[in-house]
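**Q** predicted coordinates and the sequence they were generated for:
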Amino acid sequence: MGDRVQQEEIFSQVLRAGRRTYFFDVRSTKADDYYLTVTESKKFTHDDGSFHYQKHKIYLYKEDFSDFKEMLAKATDYILDEKGSEVISERHQKDYKKEEDQEATEEKTTESFTDVSFDDI
């Protein structure tokens, strides 16, 4: 059991982005090779002040690194080329600046991200 804990702490990085947190964790296979997990964790606050986290995880293996990096670069370059790096959506800005969103905004935001789950990649 102690070995499993050590394996899970090989290398980790955390990116905090508003209510979302992204975890990049290097883990070890049974054959002692490495792979990457990327976890998106999003905090949802209820009306009574309580909250829960929704998590999505992808597993990325070495044989897919090159293609994954290439496709991610192409997709992000396309977005930046088409729309620039400035965030122009009013709803998007409120999502990152405010913990208590209006209910309608939260429903729209949740809807748009439910369709794009890391589990679906």
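**A** Noted; the coordinates are in hand.

**Q** ok, longest helix in the chain?
**A** If you go by DSSP state H, the chain has its longest helix at helix 62-83.

**Q** contacts for that one, please.
**A** The contact list for helix 62-83, computed with Cβ atoms under 8 Å, 6 or more residues apart in numbering, reads 33-36, 60. For the C-beta atoms, the positions are set from N, CA and C on the backbone; glycine is no exception.

**Q** any weak-confidence spans in this protein?
**A** Regions of the chain meeting the criterion pLDDT under 70 cover residues 1-8, 89-121.

**Q** now distance to residue 82 and neighbour count too, for the contacts of helix 62-83, in TSV please.
**A** Shown next, in TSV, are those (distance: Cβ to Cβ, whole Å; neighbours: other Cβ atoms under 10 Å):
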residue	distance to residue 82	neighbour count
33	38	10
34	35	13
35	32	16
36	28	17
60	26	15
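
**Q** these: which two are farthest apart?
**A** Longest distance between any two of these is 12.7 Å, between 33 and 60; criterion Cβ to Cβ.

**Q** can you give me the strands in this protein?
**A** According to DSSP state E, the chain carries its strands in the segments 11-17, 20-28, 34-45, 51-61.

**Q** what angle do strand 34-45 and the second one make with each other?
**A** What that stands for is strand 20-28. Orientation of strand 20-28 against strand 34-45 (axes from the mean of the first three to the mean of the last three Cα atoms, to 10 degrees) gives an angle of 160 degrees.

**Q** buried stuff in strand 20-28?
**A** For strand 20-28, burial by neighbour count (16 or more other Cβ atoms under 10 Å) applies to 21, 25, 27.
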